[in-house]
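In: mind folding the following:
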Amino acid sequence: MVLLRQLLGDVLRQLRLRQGRTLREVSAAARVSLGYLSEVERGQKEASSELLASICKALGVPLSHVLREVSDALALAELQHEPVMAGAPAHERITAESIPETPEEITGELRADMVAA
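Out: Numbering: from 1, shown residues only. Got it, this is the predicted structure:
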C-alpha cells in the first residue's frame with residue numbers, strides 16, 4: 001500500500017534537492033525544526049496543512065504544484081499495484097498490461113471496436 005505521507009515527503013525532498021538546498025536552510029526558512037522536516041521528508045510524520053504551506057513557501061513553490069506532483073505519483077503507484085475500477089467486471093478493468101504502449105495499438109483497438117459495432 002502506498003502512503004500519502006511518503007509520496008509527499010519524496011516530492012518535498014526532490015524539490016529541495018533540485019534547488020541545491022540543505023534541510024537546515026529550508027527548515028530555518030519554514031520555521032520548523034530540522035528534525036521534524038527530516039521526518040516529513042522521510043514520510044515518518046504527517047505534515048499539517050499549515051506546516052505544508054510554510055515548507056512550500058520556503059521552497060518558493062506553490063502548494064498546488066506540490067499536490068499535483070503527489071497526485072501524479074499516487075496515480076502511477078495505483079496503476080502499478082492495483083487495477084483501476086477494481087470493482088468493475090474483469091473485462092472492463094484497466095490494468096497496466098491493458099494500456100496500449102504505442103499509437104498504432106490504440107488505432108488498431110479503435111478499428112476493431114468500430115468493426116464490431
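In: could you list the low-pLDDT ranges of the chain?
Out: Residues of the chain meeting the criterion pLDDT under 70: 82-117.
In: tell me where it has helices.
Out: 4-18, 23-30, 34-41, 49-59, 63-81, 103-116 (DSSP state H).
In: include mean neighbour count when you put those into JSON lines, please.
Out: C-beta: built from backbone N, CA, C; applies to glycine. Output for the helices of the chain, formatted as JSON lines (neighbours: other Cβ atoms under 10 Å):
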{"stretch": "helix 4-18", "mean neighbour count": "18"}
{"stretch": "helix 23-30", "mean neighbour count": "16"}
{"stretch": "helix 34-41", "mean neighbour count": "18"}
{"stretch": "helix 49-59", "mean neighbour count": "17"}
{"stretch": "helix 63-81", "mean neighbour count": "14"}
{"stretch": "helix 103-116", "mean neighbour count": "10"}
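In: now do the contacts for L34.
Out: Taking Cβ atoms under 8 Å, 6 or more residues apart in numbering, we find L34 in contact with L23, R24, S27.
In: skip the chain neighbours and tell me the closest residue to it.
Out: Nearest non-adjacent residue to L34, counting by Cβ to Cβ, 6 or more residues apart in numbering: S27, 4.4 Å away.
In: then V61?
Out: Nearest one to V61, counting by Cβ to Cβ, 6+ apart, is L15 at 5.8 Å.
In: quick one: A47 and L3, what's the gap?
Out: Using Cβ to Cβ, to the nearest Å, we find A47 at a distance of 13 Å from L3.
In: correction: L76
Out: Distance of L76 to L3, computed by Cβ to Cβ: 15 Å.
In: returning to that earlier point: more neighbours, A47 and L3?
Out: Each of A47 and L3 had its neighbours counted (other Cβ atoms under 10 Å), and the higher figure belongs to A47 (21 against 12).
In: that one and E39 touch, don't they?
Out: No: using Cβ atoms under 8 Å, A47 is not in contact with E39, being 9.4 Å away.
In: picking up where we left off before, okay if I get the contacts of L34 as JSON lines plus distance to L59?
Out: Below are those laid out as JSON lines (distance: Cβ to Cβ, whole Å):
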{"residue": "L23", "distance to L59": "12"}
{"residue": "R24", "distance to L59": "14"}
{"residue": "S27", "distance to L59": "11"}
